[in-house]
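Novice: Coordinates for the following, if possible.
(one chain, ligands or ions: 1)
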Amino acid sequence: MEKIVKKPIVFIKSYGCAFNRFCSERLKNSLVDYFFVYNQSFGSDRNFFRNKKEEKIASEAEYLVIFACPITRYLEKMSADFISNIAKSNKNARIIITGCSLSHPETLLKNKQENKNISFLTDKEMQAFFKKNRGTAIKENYFINDAPRIGTLLIKIGCDNYCSYCICPHINKIKNVSLSEIKKEIKNIQKERFESIEFAGSCVGDWINPKNKKFKFADLVEFILLKTDLKIVNLELYPTDFTDNLIRLLANNKISKDISIPIQSGSDRVLRLMGRKYDKAILKKILDNLFRSVSELQLTTDIIIGFPGETKNDLLETLDFLKSFEFYRIDVYRYSNIKKLEKEIFGNSVDYFSEIIKDKKYKEINKAINLTSA
Ligand code: SF4
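Specialist: Down below sits the predicted model:
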């Protein structure tokens, strides 16, 4: 007779973009027959856990898988802090670091040196690892897996925008998934009874069907709206990918109005230094169109402060620009949190920010500002 054992627990956490979330969901689906898998990969960015239950599952897990992201020092630091914290509260767990950080693991290597239970594994190595360790598990755990269920639809890998501060274009070559493959994946997502989907990949807004280049991202969105019962959530696009055609579709009630447009700066000079492919005038046109066309819009944006060469005037220009729109949330990232470098290279622009933001003139946008990495 087969021995009845508790399914070993795998706790997954992913940082960064929807591509890591897509990979974490794919890993979960490949393990659920043999493990109790809790995929905490939606939201809860700055907190390690959303509630006590999640904390308990992680503290009892046999395996902890972290999809880490190297795109900013802030995200790297969050992954590193999470790993240090969980390694203390769950000393027996095997901790696996994977995701995009495998290509630039320098920061996270420190965690590995401090803990012999930590390994860096690629997707393939991870599959082999879990195959070897799955055992004969036939009894359910007492936890209920009620993490939010959003299907992730991978449509594109890589980005060729080459923003001067971003590593993405140097990691992956561009691959647009074909419409026929996407349709197959949508069917799988529907079979799994997901109610919502999010697009996964870097800069998904410039996706095109490689087999028919006239079929673009807005056409794909329209196809999903017309031919499926899925809601589209967590839409985040490069500013110029908000085309008139797409903005027209965003008013549809099957698209969540919590939408993100990472503008990064409101100074033309800094935008040029960052290698962004738009200026303030273009941004204004897009934002005016979005606010005019999409009622109940909850538009969020990201701003980088302390970019090399940014002056106090640039920062004031950015804040004045932000002030002219009703952003729901403004996530502010400092370019680097390495104090010495900041002083030597970036001057005092981060200090300007803390000072300027106290000004009554910015009272209204103050409410929306979320200083994520200070
Ligand atoms: S648009 Fe810029 S920041 Fe975004 S993934 Fe591409 S290169 Fe990186």
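
Novice: Where does pLDDT dip in the stretch 201-350 of the chain?
Specialist: Along the stretch 201-350 of the chain, the model assigns pLDDT under 70 to residues 336-350.

Novice: now with 80?
Specialist: 334-350 (pLDDT under 80).

Novice: I'd like to know how many residues surround residue 179.
Specialist: Residue 179 has 19 neighbouring residues, counting by other C-beta atoms under 10 Å. Glycine gets a C-beta too; all of them are placed from N, C-alpha and C.

Novice: Which phi and psi values does the closest residue in space to it that isn't next to it in sequence adopt?
Specialist: Closest residue in space to residue 179, ignoring its immediate chain neighbours: residue 209 at 4.3 Å, by C-beta to C-beta, 6 or more residues apart in numbering. Backbone torsions of residue 209, given as degrees, to the nearest 10, read phi -70, psi 120.

Novice: Scan this protein for its longest strand.
Specialist: strand 298-305 (DSSP state E).

Novice: Just name whatever secondary elements it is in contact with.
Specialist: Using 3 or more C-beta pairs under 8 Å, 6 or more residues apart in numbering; DSSP states H and E, the elements in contact with strand 298-305 are strand 258-260, helix 280-293, helix 312-323, strand 329-334, helix 349-356.

Novice: pLDDT wise, what is residue 75 at?
Specialist: With respect to pLDDT, residue 75 scores 73.

Novice: for the strand or helix carrying it, packing partners?
Specialist: According to DSSP states H and E, residue 75 maps onto helix 73-89. Contacts defined by 3+ C-beta pairs under 8 Å, 6+ apart place helix 73-89 against helix 52-60, strand 63-67, strand 94-98, helix 106-114.

Novice: The third one pairs with which strands?
Specialist: Strand 94-98 has the following strand partners under DSSP bridges: strand 63-67 (parallel), strand 118-120 (parallel).

Novice: Can you flag the weakest of those by average pLDDT?
Specialist: Among these, strand 118-120 scores lowest, at a mean of 86.

Novice: got the helices and strands packed on strand 298-305 as CSV, with distance to the ligand and mean neighbour count columns?
Specialist: Formatted as CSV, the helices and strands packed on strand 298-305 follow (distance: least, C-beta to the nearest ligand atom, whole Å; neighbours: other C-beta atoms under 10 Å):
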stretch, distance to the ligand, mean neighbour count
strand 258-260, 12, 18
helix 280-293, 14, 15
helix 312-323, 17, 19
strand 329-334, 11, 20
helix 349-356, 20, 17
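
Novice: For residue 316, list the residues it contacts.
Specialist: residue 356 (C-beta atoms under 8 Å, 6 or more residues apart in numbering).

Novice: Also residue 234?
Specialist: Counted by C-beta under 8 Å, 6+ apart, residue 234 has contacts 18, 150, 198, 256, 258, 260.

Novice: okay if I get the helices and strands packed on strand 298-305 as a markdown table plus distance to residue 367?
Specialist: Below are these laid out as a markdown table (distance: least, C-beta to C-beta, whole Å):
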| stretch | distance to residue 367 |
| --- | --- |
| strand 258-260 | 17 |
| helix 280-293 | 17 |
| helix 312-323 | 12 |
| strand 329-334 | 10 |
| helix 349-356 | 16 |
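
Novice: for these, which one sits closest to residue 231?
Specialist: Closest to residue 231 of these, according to C-beta to C-beta: strand 258-260, at 11.4 Å.

Novice: Can you report how many residues lie near residue 47?
Specialist: 11.

Novice: Helix, strand or coil: sort out it for me.
Specialist: coil (DSSP: H, G, I helix; E, B strand; the rest coil).

Novice: Find the residue closest to residue 172 in space, skipping its chain neighbours.
Specialist: residue 158 (3.9 Å).

Novice: gap between that neighbour and the ligand?
Specialist: Distance, residue 158 to the ligand, by C-beta to the nearest ligand atom, to the nearest Å: 9 Å.

Novice: hmm, back to that, could the strands paired with strand 94-98 go into CSV alongside mean neighbour count and distance to the ligand?
Specialist: Putting those into CSV (neighbours: other C-beta atoms under 10 Å; distance: least, C-beta to the nearest ligand atom, whole Å) gives the following:
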stretch, mean neighbour count, distance to the ligand
strand 63-67, 25, 16
strand 118-120, 17, 23
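
Novice: With that, I have no additional questions.
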